[in-house]
Structure formats: C-alpha cells, structure tokens
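Trainee: Fold the following.
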Amino acid sequence: VRESVAFRPRVPGLEDQGVATLQRRLVALNQEKQLMESEYTRLTSRGALKSGEDRRSKLDLERGLEMVSSQIASLRRHVRKLEGDSLNPKPVQNYSVLVR
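Mentor: Here you go, the predicted structure:
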C-alpha cells in the first residue's frame with residue numbers, strides 16, 4: 001500500500017509572526033511603489049517639465065522609487081533568509097511512502 005505524503009521544507013525555529021510582519025511590510029511597500037510609479041507616469045506623460053516644481057517632483061519621485069525599490073529588495077532577501085525561498089515557492093512535492 002502506498003500513501004502520498006506532501007513535503008514542504010521549513011526552517012526549524014522560524015517565528016511565523018515575524019515573517020508575516022515582514023510580508024505585510026512588503027505588500028505595503030509594493031503598494032507605495034505602485035502609487036509612486038503611477039504619479040511618475042502621469043507627470044512625465046504630459047511632455048516637457050516646464051516648471052521648477054514639476055522637475056523637483058520628478059526628482060523626488062525618482063529618489064523615492066529608488067529608496068522603496070531598495071527596501072523591497074532588502075526585505076525580500078531577509079524573508080528568503082528566514083524561511084527559504086517562500087516568495088518563489090516550489091510546488092509541493094508528493095512522495096510515495098511504502099506502508100507495510
């Protein structure tokens with residue numbers, strides 16, 4: 001008789017609440033990044049930036065996008081370090097176990 005057993009590797013001693021908090025922060029940063037990208041697109045789609053205020057806004061958005069992107073990359077690395085590669089999960093592997 002064979003039973004199918006799902007196997008999902010886990011890191012021993014992992015604090016799920018800490019990882020969940022980091023993942024919520026990732027979601028929030030990604031939402032912030034999307035808002036900044038849409039504002040940047042809106043600003044640059046109007047053509048040449050004529051006023052100093054528009055040029056400053058563009059520079060501020062570029063700097064902000066760089067900072068948010070850097071924070072996202074750092075958090076992703078940290079989460080992957082804590083729980084393996086769960087942001088790009090591998091499919092659950094089914095192993096057949098021979099039961100006697």
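Trainee: Counting neighbours, what do you get for Glu83?
Mentor: Counted with other Cβ atoms under 10 Å, the neighbours of Glu83 add up to 20. Just so you know, the C-beta spots here come from the backbone N, C-alpha and C atoms, and that holds for glycine as well.
Trainee: for Gly52, same thing?
Mentor: Neighbours of Gly52 (other Cβ under 10 Å): 8.
Trainee: And the one helix or strand Ala73 maps to, what's buried?
Mentor: Per DSSP states H and E, Ala73 falls inside helix 52-83. For helix 52-83, burial by neighbour count (16 or more other Cβ atoms under 10 Å) applies to Leu61, Gly64, Leu65, Val68, Ile72, Leu75, Arg76, Val79, Glu83.
Trainee: Wait, Glu37 touches Leu65, no?
Mentor: Yes. With contact defined as Cβ atoms under 8 Å, Glu37 and Leu65 form a contacting pair (6.8 Å).
Trainee: Tell me which helix or strand comes right after the worst-scoring helix or strand of the chain on mean pLDDT.
Mentor: Ranked by mean pLDDT, DSSP states H and E, the weakest helix or strand in the chain is strand 2-7, scoring a mean of 44. Downstream of strand 2-7, the first helix or strand assigned by DSSP H and E is helix 16-44.
Trainee: angle of that next one against helix 52-83?
Mentor: 160 degrees (axes from the mean of the first three to the mean of the last three Cα atoms, to 10 degrees).
Trainee: Now helix 16-44: average pLDDT?
Mentor: For helix 16-44, the mean pLDDT works out to 90.
Trainee: Stretch 62-72 now?
Mentor: pLDDT averaged over stretch 62-72 gives 95.
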